[in-house]
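Visitor: Model the following, please.
(one chain, ligands or ions: 1)
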Amino acid sequence: MDQMLSAAMAQPPTQADGGGFIYVYFLKDLHGRWIVKKGESTWPPRRKKEWDRQCAPQRHIWFEYALWVPWRKKMEGLLHLWATLNGAWLGYVLCRYCGVHHREQFDLGRCGGMWTIIRTAMALVFKQLIWSG
Ligand SMILES: [Zn+2]
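Guide: Residues are numbered from 1 along each chain as shown. So this is what the prediction gives:
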């Protein structure tokens, strides 16, 4: 698992990548499971408004602090890989509120809980910074 993450980290960021934020929010699904949704944005408050409008009345519980990273798309990809390797990726989930298939949703329980997500994101950023240092 670490090898796959390391290999992904060693890949250079794409041309379209750049500085921005990783944001995270939580929601409860029909089965009462806690779901993590994450994404990247250059300006999270705008994205937050868009999500809250698009999937209303689904209640989104936003993690207050978005994490700034030098390569937001790459970091989102690394987080996705990490959660998928943990068997937490839920695939393409048809949203009953907006009718769109959301693809960045993960089972919070299988990711080790909220603080494991936050800690992992920070650890990935730190490792990436050293790697490219
Ligand atoms: Zn939706």
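Visitor: give the contact list for Tyr89.
Guide: That one is not Tyr; residue 89 is Trp. With contact set as C-beta atoms under 8 Å, 6 or more residues apart in numbering, Trp89 has these partners: 80, 83, 105-106. Every residue, glycine included, has its C-beta placed from N, CA and C.
Visitor: Could you measure from it over to the ion?
Guide: Going from Trp89 to the ion by C-beta to the ion, to the nearest Å gives 17 Å.
Visitor: returning to that earlier point: just the contacts of Trp89: which are in strands?
Guide: By the criterion of DSSP state E, membership of the contacts of Trp89 in strands covers 105-106.
Visitor: The ion: which of the contacts of Trp89 is nearest?
Guide: Ranked by distance to the ion (C-beta to the ion), those are led by Gln105 at 9.7 Å.
Visitor: What about Ala121, how many residues nearby?
Guide: As a burial measure, Ala121 scores 21 neighbours (other C-beta atoms under 10 Å).
Visitor: nope, Val93 is what I was after
Guide: Neighbours of Val93 using other C-beta under 10 Å come to 15.
Visitor: partners of it in the sheet?
Guide: Counting by DSSP bridges, Val93 is bridged to His102.
Visitor: how about the residues of this structure that lie near the ion?
Guide: Proximity of the chain to the ion, by C-beta under 5 Å from the ion, involves residues 55, 95, 97-98.
Visitor: shaky segments in the protein?
Guide: 1, 132-133 (pLDDT under 70).
Visitor: Please name the residues that touch whichever residue of it sits closest to the ion.
Guide: Relative to the ion, the nearest point of the chain is Cys95 (3.0 Å; C-beta to the ion). For Cys95, the contacting residues are 55, 58, 101-102, by C-beta under 8 Å, 6+ apart.
Visitor: Can you pick out the most distant pair from those residues?
Guide: Set against one another by C-beta to C-beta, these have their most distant pair in Gln58 and His101, with a gap of 14.5 Å.
Visitor: More neighbours: which of those two?
Guide: Taking other C-beta under 10 Å, Gln58 and His101 do not tie; Gln58 has more neighbours (16 against 11).
Visitor: Who are the packing partners of the longest helix belonging to the chain?
Guide: Determined from DSSP state H, the single longest helix within the chain is helix 114-132. Other helices and strands packing on helix 114-132, by 3 or more C-beta pairs under 8 Å, 6 or more residues apart in numbering; DSSP states H and E, are helix 2-10, strand 20-28, strand 34-41, strand 67-69, helix 72-85.
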